[in-house]
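S.K.: Just the structure for this:
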Amino acid sequence: MSRSGSFSRDAVKQALAQLRQHKLRTALTLLGMVFGVGAVIAMLSIGEGAKQEALRLIESMGLRNLLVQSRDFDQETLLEIREHSVGLSRSDVRAIRESMPSVEAVSEEKRIKTWSLFSLHASSDAQVLAVTASYFDLASLRIAAGRTITLEDNQTFAQVAVLGAQAARDLFPGMDPVGRKIKVNHLWLEVIGVLADRDLSRDEFQGVRLGGDRNRVFLPLESAYKRLRFETLESELDAIRLRLAEQADPQRSAGTVNHLLSRRHGKQNDFELVIPAALLKQQQQTQKIFTIVMSAIAGISLLVGGIGIMNIMLATVLERTREIGLLRAIGARKIDIQQQFLMESATVAGIGAFIGIFFGVLLAFAIQQFAGWPFAFSLFAIILSVSICLLTGIVFGWYPARQAADLDPIRALHAE
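M.R.: Alright, predicted model coming up:
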């Protein structure tokens, strides 16, 4: 074994021996490093979990989508608005298609006011939604059994329905719903498909409600217009989904849609625009602030831990002055003494980092349990936190190590 390798191993053994001799002092010194590393790991884990969750929630809305939704008003306000605007309509959809070549696909939605929804086996409180065939693709919904609504279903006014996962369980408990009948108000529909269950961890994102498709019944939009009744003041559509081309800017496209519809609706504020890409950006900004705050807390903990390491190493230099003088007398160089004390400070930091990893894992679990925040561990978080901790130990251990190396050998040997 090389001299440097043997010296490094001896330095680690010496550091561990010193730690065992001063257990309370060591424990107090390690606290700052443990809390610092734990805070970094927990912070990055929660940040990564929030990022993944945000992407999953935005995917359910469609990152390249724009959502135009009809606003709800009381009867008196609605009467005033209808003097200037008929609300969202299919003519709005045609105008958007003609004016905006960047729109790749469009889906139309209409809520059905339901007073009765049941099968021969059970009833349900599911929301009923009439949609065009493109809705399922734009809403990122997958089919679990059967098929979705097609263009032909709309053209032929087919009396068919697709059930969300929760609605299927409520209406047909323990049974395969495909091919069976349900009744919406006075209209019998054949179930042609069931959606895959998409159980989102949250029912809203940045104030926008999500996950309602689990407890919905979908039927063709044209069938609803043909076979169901609507109130006079209702808008023709309740929502329009637009999918933009990849090169299109969501904010600019939203501005164009807003200007077009405002002009068509007599400048009545009877609709609202939801931009998933903007919601994601807003969430990322919030997450950035959270990360900065948590980084500052972790940095303070590591700073306190570094000061503790410097304190314990300065005390160690005073306690081992005669030992340092003896080592210098038998031929140890200044660089050897300095390396030994740096190795000891790095060992202290390494132990703190190791304990801090477990503390960070426990902290992340605790935050998830009590605050409901998702987390996701990453190798990067562990490597970064341990590296910062070791670097802190070396930086704060440099001054004591330099003090030890600069001791005069003669005076050190005669020290009390």
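
S.K.: how about the residue positioned nearest the centre of the chain, what does it touch?
M.R.: With distances taken as C-alpha atoms, centre = their mean, the residue of the chain nearest its centroid is Ala50 (2.3 Å). Remark: with contacts taken as C-beta atoms under 8 Å, 6 or more residues apart in numbering, Ala50 is in contact with 283, 287, 373-374. The C-beta positions use only the backbone N, C-alpha and C, and glycine is treated the same way.

S.K.: for the residues you listed, which one is nearest Ala165?
M.R.: Closest approach to Ala165 among these (C-beta to C-beta): Pro374, at 21.4 Å.

S.K.: Count the residues that sit near the residue nearest to the closest one when sequence neighbours are not counted.
M.R.: Once flanking residues are discounted, Pro374 sits nearest to Gly49: 3.8 Å by C-beta to C-beta, 6 or more residues apart in numbering. Neighbour count for Gly49, taken as other C-beta atoms under 10 Å: 19.

S.K.: wouldn't Gly49 be in contact with Ala376 here?
M.R.: Yes. With contact defined as C-beta atoms under 8 Å, Gly49 and Ala376 form a contacting pair (4.2 Å).

S.K.: Strands of the stretch 1-150 of the chain, start to end?
M.R.: Applying DSSP state E, counting those that start in this stretch to the stretch 1-150 of the chain gives strands spanning 65-70, 103-112, 117-119, 127-131, 143-146.

S.K.: Pro173 is nearest to which of these?
M.R.: Nearest to Pro173, of all the strands of the stretch 1-150 of the chain, is strand 117-119, at 9.7 Å by C-beta to C-beta.

S.K.: Need the residues that contact that closest one.
M.R.: Applying C-beta under 8 Å, 6+ apart, the set of residues contacting strand 117-119 from outside is 123-126, 128, 171-172, 177, 180-185, 217.

S.K.: What is the nearest of these to Ser70?
M.R.: Nearest member of the contacts of strand 117-119 to Ser70, counting by C-beta to C-beta, is Val128, at 16.3 Å.

S.K.: of all the contacts of strand 117-119, which comes closest to Ile394?
M.R.: Ala126 (62.1 Å).

S.K.: From Ala144, how far out is the closest one?
M.R.: Per C-beta to C-beta, to the nearest Å, Ala126 is found 16 Å from Ala144.

S.K.: Look at the two and report which has more neighbours.
M.R.: Ala126 (23 against 14).

S.K.: And for the closest residue to the more buried one other than its chain neighbours, the neighbour number?
M.R.: Distances taken as C-beta to C-beta, 6+ apart place Ala167 nearest to Ala126, at 3.9 Å, with adjacent residues excluded. By the measure other C-beta under 10 Å, the count of residues near Ala167 is 28.

S.K.: I'd assumed Ser123 was in contact with Ala167.
M.R.: No. Assessed by C-beta under 8 Å, Ala167 is found out of contact with Ser123, at 10.9 Å.

S.K.: before we move on, the earlier item: redo the strands of the stretch 1-150 of the chain as CSV? Include mean pLDDT and distance to Arg328.
M.R.: Formatted as CSV, the strands of the stretch 1-150 of the chain follow (pLDDT from 0 to 100; distance: least, C-beta to C-beta, whole Å):
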stretch, mean pLDDT, distance to Arg328
strand 65-70, 89, 73
strand 103-112, 93, 77
strand 117-119, 93, 90
strand 127-131, 94, 83
strand 143-146, 93, 77
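
S.K.: so Leu163 makes contact with Ile192?
M.R.: No. The pair Leu163 / Ile192 is not scored as a contact, 9.3 Å apart, by C-beta under 8 Å.

S.K.: Neighbour count for the two, which is higher?
M.R.: For Leu163 versus Ile192, neighbours defined as other C-beta under 10 Å are more numerous around Leu163 (32 against 23).

S.K.: quick one, phi psi at the more buried one?
M.R.: phi -100, psi 140 (degrees, to the nearest 10).

S.K.: what's the spacing between it and Pro220?
M.R.: The gap separating Leu163 from Pro220 is 14 Å, by C-beta to C-beta.

S.K.: for Thr347, same thing?
M.R.: When Thr347 is compared with Pro220 (using C-beta to C-beta), they lie 71 Å apart.

S.K.: ok so the residue nearest to Ala126 is a strand residue?
M.R.: No. Ala167: not assigned to a strand; according to DSSP: H, G, I helix; E, B strand; the rest coil it is helix.

S.K.: OK, contacts around it?
M.R.: By C-beta under 8 Å, 6+ apart, the contact set of Ala167 is 124, 126, 214-217.

S.K.: quick one: contacts for Gly331?
M.R.: Counted by C-beta under 8 Å, 6+ apart, Gly331 has zero contacts.

S.K.: Mind checking what secondary structure it has?
M.R.: Looking at Gly331 with three-state DSSP, the answer is coil.

S.K.: got a pLDDT number for it?
M.R.: pLDDT for Gly331: 72.

S.K.: Please shift the residue numbers so they start at 4 in all later answers.
M.R.: Yes, from this point I'll number from 4; that puts the last item at Gly334.

S.K.: follow-up on the earlier one: look up how far Ile370 lies from the residue nearest to the centre of the chain.
M.R.: From Ala53 over to Ile370 (counting by C-beta to C-beta), the distance is 11 Å.

S.K.: swap in Thr151?
M.R.: Per C-beta to C-beta, Thr151 is found 39 Å from Ile370.

S.K.: higher neighbour count, Thr350 and Pro223?
M.R.: More crowded of Thr350 and Pro223, by other C-beta under 10 Å: Pro223, with 28 against 21.

S.K.: The stretch 154-303 of the chain: strands as residue ranges?
M.R.: With DSSP E, counting those that start in this stretch, the ranges of strands along the stretch 154-303 of the chain come out as 163-166, 184-187, 190-198, 207-208, 211-212, 219-223, 242-247, 274-277.

S.K.: Alright, that wraps it up for me.
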